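Enquirer: got a predicted structure plus its sequence, pasted below:
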Amino acid sequence: MNSKLVVSSSPHLRTPETITSIMIDVIIALFPVALASVLIFGYYALVTIVVGVLAAMVTEAVLKMKTDIMSDGSAAVTGLLLALTLPPNAPLWIPAVGSACAILIAKHFFGGVGNNIFNPALVGRAILVMSWGTLMVGGSDFWPVPGVLNFSRNVAGADVETAATPLEAEIVAMGTGWQELLVGNVTGSLGETSAIAILIGAFWLFYKGHIDWRIPGGYIGTVFILGMLLGDGFYMDSVLMTGVFHVLAGGVMLGAFFMATDMVTSPVTPLGRLLFGVGCGVITMIIRLYGAYPEGVTFAILLMNAVTPIIDRYTVPKKFGEVKS
Amino acid sequence: MKAKAFKGGVHPEGHKEVTQRLSIVGSKLPERVVIPMQQHIGAPCEPLVEVGDEVKVGQKIGDTEAFVSAPIHASISGKVTAIEPYNHPTGAKVKSVIIEADGNDEWSQEVKPPGKSVEEMEPKEILNIIREAGIVGMGGAAFPAHVKLSPPPEKMIDTLILNGAECEPHLTADHRTMIEDPEGVVFGLKAMMKVLGVENGIIGIEENKPDAIKTMQEMAEKESNIIVVPLPTMYPQGAEKMLIEAINGRQVPSGGLPMDVGVVNQNVGTSRAIAQAIREGKPLIERPLTVTGAGINTPANLMVRVGTIVEEIIEQCNGMRDDACKVIIGGPMMGMAQPELDIPALKGTSGILVLTESEISYSEINSCIRCAKCVDVCPINLIPSFLGRAGEKGQVEVAEEYHALDCIECGCCTYVCPASRPLTQWIKIIKAEIMAQKKQ
Amino acid sequence: MEEIKVEVLLQAALALGGLGAIFGILLSVAARVFAVEVDERVEQISEVLPGANCGACGYAGCNNFAEAVCSGNADVGGCIPGGKDTVSEICQILGKEGVESVPKKAVVFCDGDRQTAVERFVYDGSPSCKHADKMGGGFKACAYGCLGLGDCVEACPFGAMKMGDNGLPLIDEEACEGCGVCANYCPRGIIGMIPRDYRNKLVMCNSRDRGKSVVKACPVGCNGCKACTKACPQEAITMEDNLAVIDVDKCDGCGECVAKCKQGAIKALGEQHAAVEKLPRLKLRKLRK
């Protein structure tokens, strides 16, 4: 013992967990989802995912001016999540541009990891949806319109032309069994179709303690209840099954377990997390049933991201032994 | 009776197997001791001896008029060679009496049994014995025992809890004390119950010490009003507030003390020291401590004289390994890392822990990723990530608003932080700043 | 394309114009009725202040200082970065006699860099001098030495400081406005303010320890041997708590002390940072000249 002693403040023990290890866990959790997307949509899904991940990592490395492309792994997670929200037939520049925008605009403009207000992957997706909307609903040559999502009945649309599509979509929805929704053998974005794959991945995150039940529970519970109450029981003529349909179809499962639970952009307080999940669910259902877009997960979560600081501010937990005044 | 788990907490690796089967053995008699005049929370003592004086073991060498204080005794017999500021585990220099041993280890005339049994003594008498023996809380905080045992009359105390949780990883001194002298622990507990006039004595022990639970239960069965409660193994189970909540479900109010909910809390080691003081008249001049950690060659539980230099204690355990790089006084979660080893072991020193390079991490401090793991583990229900940021930036008002002063500095938040942010350090700093502002 | 109807245009114009008129009247009435007495001198003084909000005057910003000066709570010479010109302008506005104000610059009175100064232990924790200073009395053997974690650099409102590779802060003399904020932020009080044009000798040490412990802790620290006080023909050097201090008004830069100092603690200013490249400028607003 010749060298100097190390002095630091207590505690002197640390968990081996680091930001990188958490990010790797998220990537592991997304593996079944990615695998399911490749199995369902074919090798093109794999290419899309690889492009999305690489674009995000390269953008991050360039912005940090480091050659270490892995960095802390958060860019890879962003790229992967973004790719999984894309339609299976998007041209390859779509994941590239989306990932680059996600990392540059949503993350580094706000000061890098930990400082972003909005979920980068969803910002990337939102930019893509608004800029190249037709490509993002998959309305191009070699894949049919993902009709399952288009179940919304636009009550405001008195116009005969716009009213026709939802009706048609409802027929598509009716033709899809809930078992198929569970397995994921339906149209939709790469990562959102297979509920089972998402649940397997989410289980890993629960097991590692990176997410708790509040956000996904609040989100899915709200979607289920609102789906039952407001969904008119259109699916299989059953109020209950309509709720199930709203949970399983579309991006709710992926959003609830992997997007809304993004640590940086969700509240830290336990009550806040529950409110956040419920808020996401309410906004998703409002957009789905009454909004112009068939799907509302992206914007629901982004809107709730924006109010996260306020939620945190007003849901400070009761401290131990708080004296009632 | 089954204790319920408190909210939050962490499960650090225990490492207790290293020393939990090693009996407490007497350490070598030191040739020189450094006895600081401040070893407790409260007012420092004034030396009662002068340079050149001959002192005997157990002779009182420091005392003060102040109530919140505890007298200090010579731990070896010999000659006072200096009274000067000396290194102290807290990092400050504290006025200390330095005694060179004469090798006789001759006990002072003052040390004699009172000649009465506890049953014959008045509570006041017992309290006086405890004070005169200089007994302080031996769990680490070193709060004078007699002060804790004299609650203001308006506080109705109904329960005395003995803390045998020893939730800090690595440490096993309390564990060994319970196994080796269960009779003494219970004796001290009964004496304290008499002082307070309470009927309920509860000994709380973490479930990772089944042998201690068994031994103590056997002792407790002989008494009608003492029970042993096994506690879930979880850090910081031994923190006063957590312990009381686990045992009888009462929450110590924010800013309050255990006596506000009718409870007084003492460590098992303190109880044993009180037993020795009452039966033998022996003041607190030695204490068991655990010398352990991967960096120490021969881990041990030692009975060490107060004032022994830490370096010598480590030498007795065959020194440190080459890759040892951190020496901690106390446990790994709340103990203090020491810049040098020329410091005395005190009444409140529960362990000396030597960590190696592989056990500590100088990880880079990253931005908070708001993972909320610190919020989930905080036993006091605070938001450590916000408090940490306030501490980092020196925002006193923000820290106060988020209840920084309620923090018990258990270190759970820093332990779990994946961004390796020194949250506890920041919170400690901002707490000190808030206190300083309040004083103004 | 549809023809735009004149009535529609008129309606719109009338509605908007009417609204504008109503609000205009309301606002002007409100401005009269709820008018707040503002000392117009406050505004004038704010105008002449540098506007960097550096806080050197002890107020939160330039406006607060202006208010304080007008109400007589602050000294007219309180604005250090503003220098002489600002002070005289403030005096003009207030109709007061001028007060002498010497432009200053900051100097780090420590030369114990990472190689030379002895370190007692390895510090692991919050990267702030203020916080490190509280941990075991600071990791440097010298309790007065620069910890080099850059609280001052963070604090400098003019971007005139940078942490050098040797663990000591560098100060860009041209960019330094002498506000003294860094000196306030240094937990050990190492940074001192000296006249801006001072080019002579300084004792680059802040240690009040006794000679022996200084030598043990740092090979370039002042050990208080007094050789310099005796050598100085101007009698500009005095001892303060074991530390030689050069009176900047008396020193003529002859260099006798430098030759006598065995520790090499006395240096000419600029010598110390001779090799310092210009720091990248980060001026938020050009200061008035």
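Expert: Right, received. Where do you want to start?
Enquirer: the bottom helix or strand of chain A by mean pLDDT?
Expert: Least confident helix or strand, chain A: helix A:160-174 with a mean of 41, by mean pLDDT, DSSP states H and E.
Enquirer: beyond that helix, next helix or strand please.
Expert: helix A:178-183 (DSSP states H and E).
Enquirer: the very next helix or strand once past that following helix: which residues count as buried?
Expert: Using DSSP H and E, the next helix or strand after helix A:178-183 towards the C-terminus is helix A:195-208. Within helix A:195-208, the residues that qualify as buried are A:195, A:197-198, A:200-202, A:204-206, counting by 16 or more other Cβ atoms under 10 Å in any protein chain shown. Heads up, the C-betas are built off the backbone N, CA and C, glycines and all.
Enquirer: other SSEs contacting the helix or strand where A:Tyr44 lies?
Expert: When elements are defined using DSSP H and E, A:Tyr44 is found to belong to helix A:43-64. Under the contact definition 3 or more Cβ pairs under 8 Å, 6 or more residues apart in numbering or on different chains; DSSP states H and E, helix A:43-64 sits against helix A:19-41, helix A:74-84, helix A:93-101.
Enquirer: what angle sits between the second one and helix A:43-64?
Expert: Angle of helix A:74-84 versus helix A:43-64, following axes from the mean of the first three to the mean of the last three Cα atoms, to 10 degrees, is 150 degrees.
Enquirer: check the last one too.
Expert: Put simply, helix A:93-101 runs at 30 degrees to helix A:43-64, going by the same axes, to 10 degrees.
Enquirer: pLDDT of helix A:93-101, averaged?
Expert: For helix A:93-101, the mean per-residue pLDDT is 94.
Enquirer: what's in contact with the helix or strand that that helix is followed by?
Expert: Using DSSP H and E, the helix or strand that follows helix A:93-101 in sequence is helix A:120-131. Contacts to helix A:120-131, defined as Cβ atoms under 8 Å, 6 or more residues apart in numbering or on different chains, come from residues A:77-79, A:81-82, A:85-86, A:94, A:97-99, A:101-103, A:105-107, A:135-136, A:259, A:262, A:298-299, A:301-302, A:305.
Enquirer: distance from the chain centre to helix A:120-131, please.
Expert: 12 Å (Cα atoms, centre = their mean, to the nearest Å).
Enquirer: just the buried residues of the next helix-or-strand element following that helix, please?
Expert: Toward the C-terminus, helix A:120-131 is succeeded by helix A:133-136 as the next helix or strand (DSSP H and E). For helix A:133-136, the neighbour count (16+ other Cβ under 10 Å) marks A:135-136 as buried.
Enquirer: check which helices and strands helix A:133-136 sits against.
Expert: Looks like helix A:133-136 contacts helix A:120-131 (3+ Cβ pairs under 8 Å, 6+ apart).
Enquirer: now the helix it packs on: average pLDDT?
Expert: Mean predicted lDDT for helix A:120-131 stands at 93.
Enquirer: next one: stretch B:322-332
Expert: Averaging pLDDT along stretch B:322-332 gives 92.
Enquirer: then stretch B:56-75?
Expert: Summarised as a single mean, pLDDT over stretch B:56-75 is 93.
Enquirer: ranges for the helices of the stretch 251-400 of chain B?
Expert: Remark: helices assigned in the stretch 251-400 of chain B by DSSP state H, counting those that start in this stretch are B:268-280, B:310-316, B:373-377, B:384-393, B:396-401.
Enquirer: can you list the low-confidence ranges for the chain?
Expert: Answering for chain A, as no chain was given. Scanning chain A for pLDDT under 70 picks out A:1-2, A:137-176, A:185-187, A:323-325.
Enquirer: not quite, I wanted chain B
Expert: B:1-2, B:362.
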